[in-house]
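coordinates only, no sequence provided:
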């Protein structure tokens, strides 16, 4: 039986695959990581993987003048969408997929820290339902938002940011929040985003303390969610 492959586009080192990577490796996927803006993404286009995982980062999809390599990344995702290739997008990844699908991405309400999402009826019937086991609480870390792409189904919202998760058939799962984070990695997030936390007036001790309380439960629910989605996607 041939080994399945997942290509991972990573934008900052500490925002890695986390529990998604664990779920994939448990299924025998071979993961190859590409660092956005550094590595050539042409191999992803030339040898399409079974799954493309596009992770988060602190820049905006629309900042193509400052970060011109974003254009090539969006074009790659657009081509994969057209070809029916399967993708998971997290935070910036969800925004990049939305943009590649023709939706608008723009500054929104900043949400940083642990807080619940509200699933839609479709979300409750999807793999997202596994997050219910953690009281629907997830880690938020974003300032941008997006319009729902054409043909996408909304899966979850918050009061401030209505578009928190969406699916495009069984092809795409896109999440604005971060159910992939392992509790042991939170300190790297607090260090890496120290300037953003200071500007937002958020005490890192608050996030650290809540992570100690719920992080392991949410990570386990996240792993179940990704495993269920991979089953449903035939991966």
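Nice, I can see it. It should be emphasised that the depicted structure is a prediction, and the values quoted were computed from it without experimental measurement.

burial count for residue 134?
21 (other CB atoms under 10 Å). Backbone N, C-alpha and C define where each C-beta goes, glycine included.

ah, wrong one, I meant residue 181
By the criterion of other CB under 10 Å, residue 181 has 26 neighbours.

how about residue 224?
Neighbours of residue 224 under the rule other CB under 10 Å: 19.

I figured it hits residue 128, correct?
No - applying CB atoms under 8 Å as the test, residue 224 and residue 128 come out as separate, 10.6 Å apart.

so residue 176 versus residue 62, what's the distance?
According to CB to CB, to the nearest Å, residue 176 stands 16 Å off from residue 62.

kindly apply the preceding question to residue 166 instead.
For residue 166, the distance to residue 62 (CB to CB) stands at 19 Å.

what about the longest helix in the chain?
Taking DSSP state H as the criterion, the chain has its longest helix at helix 204-232.

buried ones in that one?
When burial is assessed from 16 or more other CB atoms under 10 Å, helix 204-232 yields the following buried residues: 204, 207, 210-211, 214-215, 218-219, 221-230.

and it, what does it pack onto?
If you count contacts as 3 or more CB pairs under 8 Å, 6 or more residues apart in numbering; DSSP states H and E, helix 204-232 packs onto helix 18-26, strand 105-116, strand 137-146, helix 186-192.

most tightly packed of the ones you listed?
Burial of the helices and strands packed on helix 204-232 is given as mean neighbour count (mean count of other CB atoms under 10 Å); strand 137-146 ranks first at a mean of 22.

given that one, what are its sheet partners and their directions?
Sheet pairing for strand 137-146, assigned by DSSP bridges, gives strand 105-116 (antiparallel).

which residues touch the next helix or strand after the strand it pairs with?
Using DSSP states H and E, the helix or strand that directly follows strand 105-116 along the chain is strand 118-119. Identification of contacts with strand 118-119 by CB atoms under 8 Å, 6 or more residues apart in numbering yields 128-129, 131-132, 136, 155-158.

what is the neighbour count of residue 52?
Neighbour number of residue 52 under other CB under 10 Å is 25.

low-confidence regions, the chain specifically.
1-2 (pLDDT under 70).

understood, closing this out.
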